[in-house]
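Peer 1: the sequence and its predicted three-dimensional model are supplied below.
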Amino acid sequence: MSTSTLTSPASNPSSSPARITITRPDDWHLHLRDGLAMASVLPHSARQFKRAIVMPNLKPPVTTTEQAAAYRNRILAALPDGMAFEPLMTLYLTNNTPPDEIRRARDSGFVHAVKLYPAGATTNSDAGVTSLANCTRTLEVMQEVGMPLLVHGEVTDPAVDIFDREAVFIDRVMQPLRRDMPELKVVFEHITTKQAADYVQEASGPTAATITAHHLLYNRNEIFKGGIRPHFYCLPVLKREEHRQALVRAAVSGSERFFLGTDSAPHPQGLKEHACGCAGCYTALHAMELYTQAFEDAGALDRLEGFASVHGPAFYGLPRNQDTITLVRESWTLPAEIPFGDTVLVPLNGGDDLRWKMA
Ligand SMILES: NC(=O)N[C@@H](CC(=O)O)C(=O)O
Ligand SMILES: [Zn+2]
Ligand SMILES: [Zn+2]
């Protein structure tokens, strides 16, 4: 029961080009998992992106530079011959991350950020932070050495409605954090609301946000179209149409504060299509096709390169990539499922036709 509108002619203006070439993009928020599962999905990201910020929410989480080095080596060992891909590693912040660990991370040269998961907010966040007050010394060192803090920005207070958890997080956590650590680099990850887009645009200090392709293309109706559709369930959950539109405006605005982060988050089919299904959308296979479509629908293909390939490296203090990718206007059918270790996963839009294709 495909209900895709991805190839709808109405949103395919004839004035749009048949191909577009941009500097090779990077993915500033990616879940690669580990082991055989990682080996299955890694080539998809490596085909589309030169680099990716690799999330540390493994079981157990990647909390030390030493663990990040070992994880990085496993990723590089799983990379097929001939593929160039640079994993940019992150550490998982806990209540007990020692300030010295930040200096070790900075000195390593391969750890590029530290991730804040409010305890209980999302997949594998049990070891996360219960209160940022536990992390003051560590955050001060991050601020001092220029180590970015990446934030899953949702409160975990069960009294707060799930659709409000990001907006409430701005008041309860982001504002005080920005006030207390004015020079800390902060990335508000996978923003989903108008409130977050406005906040990031106006915040003082080095503040940025990643935006996923699925939050640019879909509102929360998508989860319930014709029945419950678990592959559209992720955290933070899709929001109302007015929020999707605010995210599109932010992404195409040209502001350097907004850049690409797929949050591609693979889970086995059996754990998505489940009575208590996991949160996460798998988009690594077709991410640039989806972003290109979102920017085309907004009449802003000329802004895609900045968002996908320029603003992220600038924020992280890294060089832009030298090579390019080309996307062509060509209809193709996304596989309905793909191998995932010893099981399978269903990509977002699995079995649907896409309008753009990586050449
Ligand atoms: N986005 C998700 O819905 N899930 C992510 C975790 C996260 O990024 O919050 C995952 O690791 O599965
Ligand atoms: Zn998250
Ligand atoms: Zn994520």
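Peer 2: The structure has been received and is ready for your questions. Numbers count the residues shown, from 1 in each chain. Ligands and ions are numbered 1, 2, ... in the order given.
Peer 1: who's in contact with Tyr282?
Peer 2: By C-beta atoms under 8 Å, 6 or more residues apart in numbering, Tyr282 lies in contact with Val41, His231, Ser264, Ala265, Pro266, His267, Leu345, Val346, Pro347, Leu348. Using the backbone N, CA and C atoms, a C-beta is placed for each residue, glycine as well.
Peer 1: now swap in Asn96 and tell me
Peer 2: Asn134.
Peer 1: test for you: state the pLDDT assigned to it.
Peer 2: pLDDT for Asn96: 96.
Peer 1: circling back: looking at neighbours, which among the contacts of Tyr282 is most surrounded?
Peer 2: Among those, Ser264 has the most neighbours (other C-beta atoms under 10 Å), with 30 neighbours.
Peer 1: so what's the closest residue to it other than its chain neighbours up against?
Peer 2: Nearest non-adjacent residue to Ser264, counting by C-beta to C-beta, 6 or more residues apart in numbering: Ala284, 3.9 Å away. By C-beta under 8 Å, 6+ apart, the contact set of Ala284 is Asp27, Leu30, Val41, His44, Ser45, Gln48, Thr262, Ser264, Pro266.
Peer 1: try 7 Å
Peer 2: Taking C-beta atoms under 7 Å, 6 or more residues apart in numbering, we find Ala284 in contact with Val41, His44, Ser45, Thr262, Ser264.
Peer 1: next one: Glu296
Peer 2: Ser16.
Peer 1: check which helix or strand it maps to.
Peer 2: helix 287-297 (DSSP states H and E).
Peer 1: how far off centre is that helix?
Peer 2: Relative to its chain's centre, helix 287-297 lies at 15 Å (C-alpha atoms, centre = their mean, to the nearest Å).
Peer 1: cool, stretch 183-203 as well?
Peer 2: Its chain's C-alpha centre and that of stretch 183-203 lie 14 Å apart, by C-alpha atoms, centre = their mean.
Peer 1: give the buried residues for that stretch.
Peer 2: Residues of stretch 183-203 classed as buried by neighbour count (16 or more other C-beta atoms under 10 Å): 184-197, 199-200, 203.
Peer 1: on that earlier part again, from the rest of the structure, what touches the helix or strand following the helix holding Glu296?
Peer 2: Next in sequence after helix 287-297, counting helices and strands by DSSP H and E, comes helix 304-305. Around helix 304-305, the neighbours that count as contacts under C-beta under 7 Å, 6+ apart are Ile22, Thr23, Tyr291, Thr292, Phe295.
Peer 1: apply 10 Å and report the result again.
Peer 2: Contacts to helix 304-305, defined as C-beta atoms under 10 Å, 6 or more residues apart in numbering, come from residues 20-23, 25, 251-252, 260, 288, 291-292, 294-296, 298, 311, 320, 324, 327.
Peer 1: what's around the residue of the stretch 151-300 of the chain found nearest ligand 2, how many residues?
Peer 2: Closest to ligand 2 within the stretch 151-300 of the chain is His152: 3.6 Å, counting by C-beta to the ion. A total of 25 residues lie near His152 under the criterion other C-beta under 10 Å.
Peer 1: quick one: what helix or strand has the closest residue to Pro339 other than its chain neighbours in it?
Peer 2: For Pro339, ignoring the flanking residues on the chain, the nearest one in space by C-beta to C-beta, 6+ apart is Ser40 at 5.2 Å. Following DSSP H and E, the helix or strand that holds Ser40 is helix 35-48.
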